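>>> My questions are about this predicted structure, shown below with the sequence.
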Amino acid sequence: MAQIPAGADRPGQLSRKQTGDAWEVKARRWLEGKGLRFIAANVRGRGGEIDLIMKDGQTTVFVEVRFRQSSQFGGAAASVTPAKQQKLLQTALLWLARHNGSFDTVDCRFDVVAFTGNNIEWLKNAFGEDT
């Protein structure tokens, strides 16, 4: 396996972006193992980014991936704040509009895949437009 390059500011360690990308790949593979199909990754919109977009049957799933080394400060899932949820909702609306859809016309949900230490937690339908 190829070596992963170290972060420029921290020799021998991954940058935050590289670490995030690695956990997103792990989440994608884990979700594919659960039967979801990959659509897109790192979708950016005004002020936000969606880590993964997957399909679960006919449902479009917008996935936020979070990682924390420990639960000392509330764990990974707790880090998806209401402000972050609003950014994800707005970015999803833009993505849907670019694909001729909306929350009214497309069956979709917002999931969180949270890695805390060695534990993985999949929060299906973690939040929505009514939050």
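Right, received. Where do you want to start? Residues are numbered from 1 along each chain as shown.

>>> Pull the number of nearby residues for the spatially closest residue to Gln69 that is not a sequence neighbour.
Nearest-residue entry for Gln69: Gly117, 6.4 Å, with adjacent residues in sequence omitted and distances by Cβ to Cβ, 6 or more residues apart in numbering. In this view, the C-beta of every residue, glycine as well, is placed from N, C-alpha and C. When neighbours are defined as other Cβ atoms under 10 Å, Gly117 has 13 of them.

>>> State the phi and psi torsions of Gly117.
When read as degrees, to the nearest 10, the backbone of Gly117 gives phi 60, psi -120.

>>> Please apply the same query to Val65.
When read as degrees, to the nearest 10, the backbone of Val65 gives phi -110, psi 130.

>>> Name all residues that make contact with the closest residue in space to Asp107 that isn't next to it in sequence.
Closest residue to Asp107 apart from its sequence neighbours, by Cβ to Cβ, 6+ apart: Thr59 at 4.8 Å. Counting by Cβ atoms under 8 Å, 6 or more residues apart in numbering, Thr59 makes contact with Asp107, Cys108, Arg109.

>>> and the residue most central in space within the chain, bridged to which residues?
Central residue of the chain (Cα atoms, centre = their mean): Glu64, 2.2 Å from the mean position. According to DSSP bridges, the partner residues bridging Glu64 are Val112.

>>> my read: it touches Ile50, true?
Yes - at 7.4 Å, Glu64 counts as touching Ile50 under the criterion of Cβ atoms under 8 Å.

>>> intersection of neighbour lists for these two?
Joint contacts of Glu64 and Ile50 (Cβ under 8 Å, 6+ apart) are Leu88.

>>> which residues touch the residue nearest to the centre of the chain?
Ile50, Asp51, Val80, Lys84, Leu88, Phe110, Asp111, Val112, Val113, Ala126.

>>> Could you name the helices and strands sitting against the lowest-mean-pLDDT helix or strand in the chain?
Taking mean pLDDT, DSSP states H and E as the measure, helix 16-33 is the helix or strand of the chain with the lowest mean score, a mean of 86. Counting contacts by 3 or more Cβ pairs under 8 Å, 6 or more residues apart in numbering; DSSP states H and E, helix 16-33 packs against strand 37-45, strand 48-56, strand 59-68, strand 108-116.
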